[in-house]
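> Model the structure of this input:
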Amino acid sequence: MSNEHTFMPDPLLTLIDGAIEQLNKSMQRSEQYLDEAKKLFTEGYCDKELRLAAYLMEQGYEDLRKVNGMWCGTMRMLFTHGVFIDLDHTGQRGRICFVSKAFASLFLKEWDGKTLPAVGEDGCTAIKVTLPNHK
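Presented below is the predicted three-dimensional model:
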């Protein structure tokens, strides 16, 4: 018989490690929420708008800003990153999908809210555009 023992992790330690990892992620998200809220507050949004922005952040939207009177933000989806348009408590009016978060964030930062994106050869390609009243 061999005196060697195979190390098997204690299920409780595995559970604790998982909980610590989730807490760290949660703390990072909280810091992101706080930074986003500070930015919106300094931009002069009223209390009602800040409450809506907080709700949208809780739902996972990032890079929130008002474009042409509409709340817009980015969010990671299964295979793409989307710019979500005209957000409120009930959902969104439209979505534009990009191949990466960097392209989605850049588009939202520069978008005027009036024209649909041009599909460029620089890699910033809109995969799908869903906006009612636009052709």
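> what comes up buried for the lengthiest helix in the chain?
Using DSSP state H, we find that the single longest helix of the chain is helix 11-42. By 16 or more other CB atoms under 10 Å, the buried positions in helix 11-42 come out as 36-37, 40. Where C-beta positions appear, they are placed from N, C-alpha and C, glycine not excepted.
> Heading C-terminal from the strand or helix carrying V83, find the next helix or strand.
Using DSSP states H and E, the element containing V83 is strand 81-85. Using DSSP H and E, the helix or strand that follows strand 81-85 in sequence is strand 94-98.
> Can you list the helices and strands that that next one packs against?
Packing contacts for strand 94-98, counted by 3 or more CB pairs under 8 Å, 6 or more residues apart in numbering; DSSP states H and E, involve strand 81-85, helix 101-110, strand 126-130.
> For K135, give me the pLDDT.
Among the per-residue scores, K135 shows a pLDDT of 41.
> Make 627 the first number, not 1, from now on.
Taking 627 as the first residue, the last one we looked at is K761.
> State the mean pLDDT of stretch 738-755.
So the average pLDDT for stretch 738-755 ends up being 58.
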